[in-house]
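Visitor: Could you look at this predicted model? Sequence included:
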Amino acid sequence: MRVSAVICAAGRGERAGFNKNKLLAPLSGAPALYHTLKAFRLPCIQQVVVACSAEDMAEITALCAPFGYDCVLGGATRTDSVSAALKACDGDIVLIHDGARPFVSREVIEGCIACAARSGSAICALPVTDTIALSEGGEIAEVPARSALFSLQTPQGFVRERIVKAYERAAGDGRTYTDDSAVYARYIGRPALCEGSRDNIKLTFKSDFAQTYPPLDTAPGQAAGIGVDVHAFGPGDHVTLCGVNIPHDRGLVAHSDGDVAVHALMDALLSAAGMEDIGHLFPDTDPAYSGANSMALLERVTGLIRSRGWAPLNASITIRAEKPRIAPHICAMKGNIASALGIDGGRVGVSAGTCEKLGFVGEGLGIECAAAVLLEKI
């Protein structure tokens, strides 16, 4: 399932009283929009499209560039801007979010995606805690039951085909829509609610920028890790490196499949994330890991570091062996590693060489691998 996100940043924010788009006003040392953009840099989001005005296009494009996000020209209304951004989206699910909500959490975003995938729509919302009254002529006409009232937030998620259809039908209908749930409700059906957050505050007035909020990280956190592993040759007819089976007159002695390159890589990932090594996670005393597929274990490790808030940026693996010849298999190795880590193949390096007949590797007794990784905080 591919997920796209639309971030609405084309408004002028006149109620905030700035002489420019309020999203470009400073918040915790960076433009407010920067924090919103950073919040959507998640493994579950494959595409982000930002709708902005012609006046702000250059500045917002510069903010989006480090994230690899796309910018499109918005319209005179929020509805027009969302319509323009939807045309650039290719996800199965689309989240639509106000740029003025920079405090949205990963949990809210992931919950919205899950609800949209399950129900076709997902509107982040909170139960209203104040008593709400309907008025007529300056008097209270009705007090609805508080249990039926919710305050709506963004993101709001939808199956892309449905929300695109709704916006196509809404184009030119002369109505004013304050959010996407209203468009969906009018032309598709009753949207589903999902859990929002009281921290998911919308910046509306200048005073909102002066409030004390939880710290916002203005610089991406990064961590490097190194891993090394060695396996001796033993009986067998192939060796496995980076998930590729390479014919050879011997195998590698190991409790698992002996993929020494992947073992080094897993230790590098775990080290960078400050976690215990594979000896603790997958001990060779546990029968469950006898003959285990190391690529499957690598996917588990990747999931573990993501659960700790880290994602791989790149990986470099060096293999030292006299035999077998590894160079013809490097392309397949890189593809396997990129797939397991969830990164582009251009961010994976695999190199191979001999030890010029020196040491245990040079004597043909085994294979040694080293790996280095760079992680980023998500």
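Guide: It's in.
Visitor: what pairs with residue 48 across the strands?
Guide: Note on residue 48: beta-bridge partners by DSSP bridges are residue 5.
Visitor: ok, how many other residues are close to it?
Guide: Neighbours of residue 48 under the rule other Cβ atoms under 10 Å: 24. For glycine as for every other residue, the C-beta is placed from the backbone atoms N, C-alpha and C.
Visitor: Identify the residues contacting it.
Guide: By Cβ atoms under 8 Å, 6 or more residues apart in numbering, the residues touching residue 48 are 4-7, 37, 40, 64, 67, 69-70.
Visitor: Check the gap between the nearest residue to residue 293 once chain neighbours are set aside and residue 298 for me.
Guide: Leaving aside its chain neighbours, residue 293 sits nearest to residue 257 (6.0 Å; criterion: Cβ to Cβ, 6 or more residues apart in numbering). Noted for residue 257: a distance of 11 Å to residue 298, by Cβ to Cβ, to the nearest Å.
Visitor: where in the chain is pLDDT low?
Guide: 13-17, 19, 212, 214-220 (pLDDT under 70).
Visitor: domain ranges for it?
Guide: Using automatic domain parsing, the domains assigned to the chain come out as 3-209, 222-377.
Visitor: re earlier: is the residue nearest to residue 293 in contact with residue 289, as I believe?
Guide: No. With contact defined as Cβ atoms under 8 Å, residue 257 does not count as touching residue 289 (9.8 Å).
Visitor: who has more neighbours, the two?
Guide: It is residue 257, of residue 257 and residue 289, that has more neighbours when counted by other Cβ under 10 Å, with 23 against 19.
Visitor: roughly how far apart are that one and residue 191?
Guide: Computed as Cβ to Cβ, the residue 257 to residue 191 distance reads 48 Å.
Visitor: got a list of contacts for the helix or strand containing residue 80?
Guide: Here residue 80, judged by DSSP states H and E, is contained in helix 78-86. For helix 78-86, the external contacting residues (Cβ under 8 Å, 6+ apart) are 6, 8, 10-11, 49-51, 72-75, 94, 96, 160, 163-164, 167-168, 170-171, 176-180, 183.
Visitor: center of this structure, which residue is that?
Guide: residue 42 (1.5 Å; Cα atoms, centre = their mean).
Visitor: which of the residues in stretch 266-278 are buried?
Guide: Across stretch 266-278, burial judged by 16 or more other Cβ atoms under 10 Å covers 266-273, 275, 278.
Visitor: hmm, I was thinking of stretch 139-159
Guide: Of the residues in stretch 139-159, those buried (16+ other Cβ under 10 Å) are 152-159.
Visitor: With secondary structure and distance to residue 196 added, can I get those in a markdown table?
Guide: Below are the buried residues of stretch 139-159 laid out as a markdown table (DSSP: H, G, I helix; E, B strand; the rest coil; distance: Cβ to Cβ, whole Å):
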| residue | secondary structure | distance to residue 196 |
| --- | --- | --- |
| 152 | strand | 8 |
| 153 | strand | 4 |
| 154 | strand | 9 |
| 155 | strand | 9 |
| 156 | strand | 10 |
| 157 | strand | 12 |
| 158 | strand | 16 |
| 159 | strand | 20 |
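Visitor: Please, where are all the strands along the stretch 51-200 of the chain?
Guide: Ranges of strands within the stretch 51-200 of the chain are 70-73, 93-98, 121-127, 134-136, 139-142, 150-159, 193-195, based on DSSP state E, counting those that start in this stretch.
Visitor: Touching, residue 159 and residue 91? I think so.
Guide: No. With contacts counted by Cβ under 8 Å, residue 159 stays clear of residue 91, the gap being 9.6 Å.
Visitor: Now residue 324: phi and psi?
Guide: phi -80, psi 180 (degrees, to the nearest 10).
Visitor: Number of residues surrounding it?
Guide: The tally of other residues near residue 324 (other Cβ under 10 Å) stands at 17.
Visitor: show me what contacts it?
Guide: Taking Cβ under 8 Å, 6+ apart, we find residue 324 in contact with 239, 246-248.
Visitor: from the contacts of helix 78-86, which would you call buried?
Guide: Listed as buried from these are 6, 8, 10-11, 49-51, 72, 74-75, 94, 96, 160, 163-164, 167, 170, 177, 179-180, 183; burial here means 16+ other Cβ under 10 Å.
Visitor: which stretches of the stretch 201-350 of the chain form strands?
Guide: Under DSSP E, counting those that start in this stretch, the stretch 201-350 of the chain gives strands at 222-234, 238-241, 244-247, 251-252, 310-320, 348-353.
Visitor: Quick one: residues in contact with the longest one.
Guide: The one in question is strand 222-234. Outside of strand 222-234, the residues within contact range by Cβ under 8 Å, 6+ apart are 250-254, 258, 260-261, 263-274, 277, 310, 313, 364-377.
Visitor: Narrow those residues to those that are buried.
Guide: The neighbour-count test (16+ other Cβ under 10 Å) marks 250-252, 254, 258, 260-261, 263-273, 310, 313, 366-375 as buried among the contacts of strand 222-234.
Visitor: among those, which are in helices?
Guide: Among the buried ones among the contacts of strand 222-234, the members found in helices (DSSP state H) are 260-261, 263-272.
Visitor: ok, the residues you listed vs residue 137, which is closest?
Guide: Each of those was scored against residue 137 by Cβ to Cβ, and residue 272 proved nearest at 65.1 Å.
Visitor: Name the nearest residue to that closest one, sequence neighbours excluded.
Guide: Spatial nearest neighbour of residue 272, excluding adjacent residues (Cβ to Cβ, 6+ apart): residue 225 at 2.8 Å.
Visitor: What number of residues are in the vicinity of that neighbour?
Guide: The local packing of residue 225 (other Cβ under 10 Å) involves 24 other residues.
Visitor: Ok, residue 127 next?
Guide: Using other Cβ under 10 Å, residue 127 has 13 neighbouring residues.
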